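> here are the coordinates; sequence isn't available:
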DNA sequence: GATACCGGTGAGATTCTTTCTCATATACGA
DNA sequence: TCGTATATGAGAAAGAATCTCACCGGTATC
């Protein structure tokens, strides 16, 4: 029930917000750019402006409903916050994104920040590589 | 002798390239945006266009002379490659950047990539926080 | 039930960073 | 020194994200 999420976040339940939230929840690809969301909404017959998509996503981010990532490339991507922190590994050839967590790394990060005199607020750990999927264009046919 | 570096990188020794390289080597702040470099060149009386700064930095990056980072904020920053890989911790209040390395993290990253079926090409690990310097605007006077 | 209010929206303009275009200037081997 | 390929500078252009502002739709008020 997405409308609950919106109300909980202190946001009015409006059609664009609902549609965007639905799309984020149902999309196979968990990491979507604002443009991609906009396009899919148009294809779905919705009359939602790009400005609204950006606005809503920014509100969602502020409300903690989504996370914004800046992977390689120009546009930011958004993913639904699902309560489990994770980092990302991105295929440079096909754009595929996998998620992972590593407690050892998390602990080391905290220790490093403390040692250097920082109060850590956030972190970005992104690995870039080539994946081994058959349909990845970067893959040499074996 | 910067001109050696340029020749080694297969780049013609031109005035803009020399000046930009010198600036990167002598700057107190190791992480400079293209704009910042451009401004400092102008202040130094050089007649170098912004387009040239971007072009040269991109060439330097391709030649492995500099690294490009996308920290929080809109502009990329560039730093001279000094042969020692390191990650970054950035103060969200004052923009200060510190560098660190952690072999444990590096090893874990490799293991994770392998486990997920990726050949790792690069990685970005950036910690964001508040530093404890006296002159940091984010600091509460103690 | 009519009306005033207020946040939300869409379209386009705007900003900002970065890249591109192209005429001119420069480096460097012959 | 000359010739040619390459580099440069200025401005135009592209691309992402934000801002402006008139309009629209609920909601509250009477």
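Thanks, I have the structure now. This is a predicted model, so every value here is computed, not measured. Residues are numbered from 1 along each chain as shown, chains lettered A, B, ... in the order given.
> I'd like to know the average pLDDT value across stretch A:36-49.
The average pLDDT within stretch A:36-49 is 95.
> check whether it contacts DNA strand C.
Yes: shown here: stretch A:36-49 in contact with DNA strand C (Cβ under 7 Å from any atom of the strand) through A:47, A:48, A:49. From N, CA and C alone the C-beta is placed, and that goes for glycine too.
> Next up, the contacts around residue A:10.
residue A:63 (Cβ atoms under 8 Å, 6 or more residues apart in numbering or on different chains).
> in which helix or strand would I find the residue nearest the centre of chain A?
Centroid check for chain A by Cα atoms, centre = their mean gives residue A:79 as the closest residue, at 2.5 Å. Counting by DSSP states H and E, the element that carries residue A:79 is strand A:77-80.
> Which residues outside that strand are in contact with it?
Residues from elsewhere that reach strand A:77-80, judged by Cβ under 8 Å, 6+ apart: A:24-25, A:30-34, A:37, A:57, A:60-61, A:65-69, A:71.
> hang on, the earlier thing: for the residue nearest to the centre of chain A, give its distance to residue A:127.
16 Å (Cβ to Cβ, to the nearest Å).
> got it, and residue A:90?
From residue A:90 to residue A:127 the distance is 7 Å (Cβ to Cβ).
> if you go through chain A in chain order, where are the helices?
A:2-8, A:15-26, A:34-43, A:50-62, A:103-115 (DSSP state H).
> touching DNA strand D at all, stretch A:34-47?
Yes: against DNA strand D, stretch A:34-47 shows contacts by Cβ under 7 Å from any atom of the strand at A:34, A:35.
> in that stretch, what's buried?
A:34, A:36, A:37, A:38, A:40, A:41 (16 or more other Cβ atoms under 10 Å in any protein chain shown).
> so what's the second one up against?
Spelled out, that is residue A:36. Taking Cβ under 8 Å, 6+ apart, one finds residue A:29 in contact with residue A:36.
> got it, and the fifth one?
Applying Cβ under 8 Å, 6+ apart, we find residue A:40 in contact with A:23, A:27, A:32.
> Could you do the first one as well?
Shown in contact with residue A:34 (Cβ under 8 Å, 6+ apart): A:50, A:53, A:54, A:57, A:75, A:76, A:78.
> And for the third one?
Under the criterion of Cβ under 8 Å, 6+ apart, the neighbours of residue A:37 are A:20, A:23, A:24, A:53, A:57, A:78.
> one more time with 7 Å
A:20, A:23, A:53 (Cβ atoms under 7 Å, 6 or more residues apart in numbering or on different chains).
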